[in-house]
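Visitor: Here is the input, now give the coordinates:
(chains A and B)
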Protein chains: 2
Amino acid sequence: MNFKKYYKYGLISSSIPLSYLIYKWYNKPKQEKEYTVQELKKYNNFRDGIYVSYKDSVYDITNFVKQHPGGEDKIMMSAGKAIEPFWRLYPQHFPHFESVLKPLRIGFLSDYKQESEKNSVDHFLYEPIRVGNFKYHNITPFNAELKLDLNFNFLTDNEDAYVRNHHPVPKIDDNYLNYKLKINKIEYTLKDLIEKYKCHDVNATLQCGGNRRNELNQIQKTSGTPWGIGAISTSTWTGIKLCNILDQIPINEEKYVNITSIDNLQVSIPISKALNPYGDVLLAYKMNQELLPPDHGYPIRLIVPGYVGIRNVKWVKSIELSDQEVTGNWQRGVSYKQLPPYIKNLKDVNLEEYQTTYEMPVQSCIVYPKSDEIIVIDSDGILTIKGYAWSGGGRNIIRVDISIDDGLTWNQAILTDGKNQEFNRAWAWTLWEYKVNVKEQKKLKIICKATDNSYNSQPEKKEHIWNLRGINNNSWHRVEVKI
Amino acid sequence: MNFKKYYKYGLISSSIPLSYLIYKWYNKPKQEKEYTVQELKKYNNFRDGIYVSYKDSVYDITNFVKQHPGGEDKIMMSAGKAIEPFWRLYPQHFPHFESVLKPLRIGFLSDYKQESEKNSVDHFLYEPIRVGNFKYHNITPFNAELKLDLNFNFLTDNEDAYVRNHHPVPKIDDNYLNYKLKINKIEYTLKDLIEKYKCHDVNATLQCGGNRRNELNQIQKTSGTPWGIGAISTSTWTGIKLCNILDQIPINEEKYVNITSIDNLQVSIPISKALNPYGDVLLAYKMNQELLPPDHGYPIRLIVPGYVGIRNVKWVKSIELSDQEVTGNWQRGVSYKQLPPYIKNLKDVNLEEYQTTYEMPVQSCIVYPKSDEIIVIDSDGILTIKGYAWSGGGRNIIRVDISIDDGLTWNQAILTDGKNQEFNRAWAWTLWEYKVNVKEQKKLKIICKATDNSYNSQPEKKEHIWNLRGINNNSWHRVEVKI
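Guide: Residues are numbered from 1 along each chain as shown, chains lettered A, B, ... in the order given. This next block holds a predicted model:
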């Protein structure tokens, strides 16, 4: 075995005990043990052992975990599971993984079925390779937020755009032009649509309903991914205006446009949004001038500008007009319903009485500095605080107020990219910055809050926003730094 | 003189000193004194005397003020001024006023000019008779708010609907069908429009931008009428959709629809609002199925549902598409611009950097009980708290939260009239009520706050809303009552 190549690629550190690998290779049991996918799940801790599967083999990685060059926390995400999805995420493993795993093999999966619907691991066989600058929350399904820093841009690079998948990425082999979708029961290819209708570019920010959920968890645990401030990103989407297609269809009692994706996620949007020529709802096939990446809906995604991420359905399969909204969790369940703070469980709650989220409330965040970050100050002692602001429904950001003394005094930030968007078509965020002389300061308690063009403003306390599902947190954003 | 008739009509109380009236009648000066309109203004207090003019005569009402059957405060509004506008407001004076005033005549106005543009009193010659259940703020121009009480209705009676005039009510003699207005330089009669286009009914709440200004004045004085919670009312408006007329016009660079009224008030609305078939902008000629009353824009008013009152231009004269918003105070001045709380004067403020108000923020008010009101409790000890909630842009009210213990605990009010309006076409307010057992309570500190369908909510503190012009106050509404 040529161990040198692992050193060369930086895949395993020089501190990996070679003697251990050699020992395991020569002392593997003659009779291999059988495991089921279900049994494997137990081996996810140091007491029972940490096992993973790759294809039909089971490996004991207990002693390798602490040596993992990518960090213990990353490799522990795969404990008790198939390792393929994670390696797809980190493509640097691919040239080497069989050789590295081989010495650790301890048995095989008795119920391994490649591409089987019954094997939960196999659902995720077609996940794309991800190389974005992410903060990871979950691998299967893939949930990762944008790592925002001092140099974040108005448009997010496609590979960095936050991903909130609910299911595996579907396998779509078709050339995008041959891809078929149904609109009110009539089948079109994407080629048909692109040839028949004019294409439009729309800059739109997508934000997960759960962005900033982690702050709500400080009050009381909510359910869902504990997103920071990065479940948001902005792209130029290119596609056909849905209103231009729907204009051909006579409307009677229909109140909703119901959308179904290939992974059978179903949502509704109000018909008035879809039909409004100023609503800019797109059937988009490009993201920042490239074909959609698989994680963002290849080959076609509904872009509903100004609406919460979930309504922007990826991998669109069909679109129907209806007098009823779709059933199912994403529309009628609790997931996107912001219940009042005083409802602590779902007992006695009639969810039909609560509306799901479409437009989101006015929002702003301090991107730089982060709490407890070592801050960069120029030679004059000036710190540049930076952030983003956005409001649902296309409402323009007209002001961002900043306090550096915990709310005692306030001042106005300078709005930069995004400030000149059309009235009520401000689908993209507005970036802002605020310069402050910190020479005489020891500590800053920074707060930001935005006002949109309907003069709605952010509520002060997260206690008044807290809700079971931890969505729509638009309370004042706070950061504390020492100079 | 037949004094009995004054008693009969209740116009003067039996405590009026007849001897004084008779004394004045027989002892009027032979040489009458001359006053100018300007000089008259000084006589507005008990030290200098309280004079009023009627037509070209000047009367000394100093000794009559305290006897005024309608109250001293009402008659004092006319001190130093022409009395006509006030009498038009209180039509019960008309049969008698000359005989009542005659004994008090002390001179004449040297510069009285009937219907003259130069005589400030005469601008208001054509004010209509007002009989509404108002709280008056100003007579010329007429500003009066709706007196809301326990029994307030979803639709406001025309005579009670709040009035915020900026100028005198213009004199329009035409039959409404012959009334002419220009749309993009083409002249139409109202008859043309009604015959050519379908008419629509729209329930819409109009709210003055300054509603609840009086609460902001508690922090620091703002400028403008100190409205309570009644600068708001709701009507069914009937008219032609502006989008249907504008659909005939090719749109290039135009971004605004600019509207001018007969009294030369000018405002703009964004073209996307005017052209959106779901925006419901009307050229309205009926209010609650009656022709528009003069105070509400006879014969035609632009109704821009979901927008602040000022954009709902009365007495429309012309409508133009433009790439520029109109100049002038109502669009570009400070009047409808909500500056940040930390701007305390207009020095160094570039108003062009601030957007005027179009849509208003989410709002709610406790109508019953009022602070320090004697409250009505049913035999089970139940108090029914009632109020309204509304949000700009047609956003539906999805929840109203009530606290009776100053914000310690909260509960959900029941939404009643208005709760089933179409999505994002909730142009009218939503009424709510909340029943609470007050048997064991001594004092209630009631708060209400609403959430709209974009999950925007009301800010807690009025300190964070305060602004020089005192507009858009949507902080939590609070009422304190003793049981």
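Visitor: C-alpha from now on. contacts and neighbour counts both.
Guide: Noted.
Visitor: So what's the residue count around whatever residue of the stretch 51-200 of chain A ends up closest to chain B?
Guide: Taking Cα to the nearest Cα as the measure, the stretch 51-200 of chain A has A:H200 as its residue closest to chain B, at 17.0 Å. A count of nearby residues for A:H200, using other Cα atoms under 10 Å in any protein chain shown, gives 15.
Visitor: One more: the one 5 residues further on?
Guide: Look at A:T205: counted by other Cα under 10 Å, it has 30 neighbours.
Visitor: what does A:A231 give?
Guide: Neighbour count of A:A231, defined by other Cα under 10 Å: 27.
Visitor: got the residues of chain A near chain B?
Guide: When proximity is defined by Cα under 8 Å from any Cα of the partner chain, chain A lies next to chain B at A:270, A:272, A:276-278, A:338, A:342, A:354-355, A:357-362, A:392-393, A:398, A:410-411, A:423, A:453-460, A:472.
Visitor: show me the contacts for the residue of the stretch 51-200 of chain A closest to chain B.
Guide: A:H200 is in contact with A:238-241, counting by Cα atoms under 8 Å, 6 or more residues apart in numbering or on different chains.
Visitor: And for A:N165?
Guide: Contacts for A:N165 were tallied using Cα under 8 Å, 6+ apart; they are A:141-143, A:295.
Visitor: what do you get for A:Y112?
Guide: Applying Cα under 8 Å, 6+ apart, the residues contacting A:Y112 are A:36-37, A:55-56, A:119.
Visitor: confidence score at it?
Guide: The model reports A:Y112 with a pLDDT of 85.
Visitor: what do you get for A:N329?
Guide: pLDDT for A:N329: 86.
Visitor: What is the neighbour count of it?
Guide: A:N329 has 14 neighbouring residues, counting by other Cα under 10 Å.
Visitor: same thing with the one 5 residues further on?
Guide: Other residues near A:V334 come to 20 when the count uses other Cα under 10 Å.
Visitor: Kindly report the same for A:G394.
Guide: A:G394: 28 neighbours (other Cα under 10 Å).
Visitor: What values do phi and psi take at it?
Guide: phi 80, psi 10 (degrees, to the nearest 10).
Visitor: mind checking how far the closest residue to A:E84 other than its chain neighbours is from A:K182?
Guide: Residue nearest to A:E84 in three dimensions, not counting chain neighbours: A:Y54, with 6.4 Å by Cα to Cα, 6 or more residues apart in numbering or on different chains. Applying Cα to Cα, to the nearest Å, the value for A:Y54 to A:K182 is 38 Å.
Visitor: Not counting its own residues, what contacts stretch A:283-297?
Guide: Stretch A:283-297 is contacted from outside by A:128, A:157-158, A:163, A:165, A:169, A:235-242, A:298-303, A:313-316, using Cα under 8 Å, 6+ apart.
Visitor: Give me the subset of the residues you listed lying in helices.
Guide: Judged by DSSP state H, helices contain the following of those: A:L242.
Visitor: Tell me which residues touch A:N424, please.
Guide: A:N424 makes contact with A:393-396, A:453, according to Cα under 8 Å, 6+ apart.
Visitor: next one: phi and psi at it?
Guide: phi 60, psi 20.
Visitor: And A:D201, by the same measure?
Guide: Backbone torsions for A:D201, taken as degrees, to the nearest 10, come to phi -100, psi 130.
Visitor: So what pairs up with it in the strands?
Guide: Residues in a beta bridge with A:D201, per DSSP bridges, are A:T238.
Visitor: hang on, isn't it packed against A:T236?
Guide: Yes - A:D201 lies in contact with A:T236 (Cα atoms under 8 Å); the separation is 6.3 Å.
Visitor: Now do the shared contacts for these two.
Guide: When Cα under 8 Å, 6+ apart defines a contact, no residue borders A:D201 and A:T236 alike.
Visitor: what's the offset of stretch A:288-306 from the middle of its chain?
Guide: Computed by Cα atoms, centre = their mean, to the nearest Å, the chain-centroid distance of stretch A:288-306 equals 14 Å.
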